[in-house]
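Peer 1: Have a look at this prediction, sequence included:
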Amino acid sequence: MAEKRTEAHHQNAEGLDIQAPDAILSFLADAQIEAARAVRGAIPAIAKAAEIIAGRLAGGGKLAYAAAGSSGLMALADALELPGTFGIARHRIAILIAGGDEAFKTLAGGPEDDTDEASTAVANADIGAGDCLIAISASGSTPYAVRALEDARSRGAATVAIANNKDTPLLKLADVAILLETPPELIAGSTRMGAGTAQKIALNMLSTLTAIHLGHVHDGYMVNLTADNIKLRDRAARIVAAISGRGRDDAARLLEKSGGVVKTAILLAAGAANADAAEKILERTGHKLRPALSAIEGSKGPQASVLIKTEPEKGQQGD
């Protein structure tokens with residue numbers, strides 16, 4: 001069996017344990033930077049995957065992540081941020097991690113071989129047609145991740161695989177294969193390092209582009225955030241003020257009128273008659289702010305109603 005790249009010996013590893021601390025840390029930093037560069041080669045595949053995921057979410061489907069070990073932690077970090085950052089409902093995000101809740105305490109290695117657990121997790125999450133599952137595995141052959149992807153695919157879900165070794169089962173089985181060809185780890189096989197860094201970057205890119213397709217980002221602002229604490233309520237007000245050109249106090253007042261919904265508050269500032277009118281405009285424009293603002297601007301006139309009938313621009317993927 002050919003040696004996996006993630007298990008190979010790094011060129012700077014010889015004598016690592018007798019190097020000065022500064023030298024060791026320099027090697028570690030350089031290895032992380034080198035691993036991050038590997039993500040650039042995967043940009044076309046990430047773009048394709050984001051389009052598929054956005055389509056499934058826009059159609060009312062779920063997004064599931066399946067992984068084990070450190071790849072599971074990368075998946076968890078990305079998945080848990082989606083509701084707060086982009087307003088994607090929590091019940092539409094499923095996190096399947098080998099070992100279940102116990103993994104958050106021990107992260108034992110054994111569960112990654114448990115294919116029955118993977119099948120049960122996919123079934124319990126009710127993954128099927130209209131949904132999408134992302135399976136992540138540095139080796140590309142982790143049994144839990146492979147079985148989860150196989151089962152999701154057999155149930156009609158779209159599948160995306162992220163792995164750090166080429167020509168592996170996970171990549172061959174998926175609808176979209178994202179290969180992050182990271183160099184050997186400075187500590188051979190310790191994929192929580194370079195491979196994990198590349199996975200985190202790729203997942204960040206994938207979920208962010210998905211959110212842009214869905215209209216949750218406008219001019220670099222997270223206009224679909226869930227403002228559920230002091231920091232985020234302040235951020236929401238600053239976003240409304242920045243996009244609408246209104247003052248901070250006025251923005252806060254508009255947010256109150258909108259029930260805390262950023263897009264609605266911005267449309268109120270632009271001239272929507274009330275929150276209900278703003279919501280109807282958003283529904284007509286696929287909940288995308290830019291065409292909604294254009295609809296209001298185009299409707300202004302002595303005889304025009306704010307509630308004009310307008311459709312999203314054909315082929316438009318996001319803001």
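Peer 2: Right, received. Where do you want to start?

Peer 1: Give me the helices and strands touching the helix or strand where residue 291 lies, please.
Peer 2: Using DSSP states H and E, residue 291 sits within helix 289-299. Here helix 289-299 touches helix 262-270, helix 275-284, going by 3 or more Cβ pairs under 8 Å, 6 or more residues apart in numbering; DSSP states H and E. All C-beta atoms are positioned from the backbone trio N, CA, C, and that covers glycine.

Peer 1: What residues sit buried inside the longest one?
Peer 2: Burial within helix 275-284, assessed by neighbour count using 16 or more other Cβ atoms under 10 Å, is assigned to 275, 277-282, 284.

Peer 1: just the residues you listed now: which is nearest residue 266?
Peer 2: Nearest to residue 266 among these is residue 278, at 8.4 Å by Cβ to Cβ.

Peer 1: I'd like to check the angle between the helix holding residue 291 and helix 275-284, please.
Peer 2: Calculated by axes from the mean of the first three to the mean of the last three Cα atoms, to 10 degrees, helix 289-299 forms an angle of 120 degrees with helix 275-284.

Peer 1: At which residues are the helices of the stretch 101-250 of the chain located?
Peer 2: Per DSSP state H, counting those that start in this stretch, the stretch 101-250 of the chain carries helices over the ranges 115-124, 143-154, 169-173, 194-213, 230-244, 248-257.

Peer 1: Dump these into a markdown table; add mean pLDDT, mean neighbour count and distance to residue 288 as well.
Peer 2: As requested, the helices of the stretch 101-250 of the chain are exported to a markdown table (pLDDT from 0 to 100; neighbours: other Cβ atoms under 10 Å; distance: least, Cβ to Cβ, whole Å):
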| stretch | mean pLDDT | mean neighbour count | distance to residue 288 |
| --- | --- | --- | --- |
| helix 115-124 | 97 | 18 | 32 |
| helix 143-154 | 98 | 24 | 29 |
| helix 169-173 | 97 | 19 | 33 |
| helix 194-213 | 96 | 23 | 10 |
| helix 230-244 | 94 | 18 | 13 |
| helix 248-257 | 93 | 17 | 19 |
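
Peer 1: thinking again about what came up before, which one of the helices and strands packed on helix 289-299 lies closest to residue 154?
Peer 2: helix 275-284 (34.8 Å).
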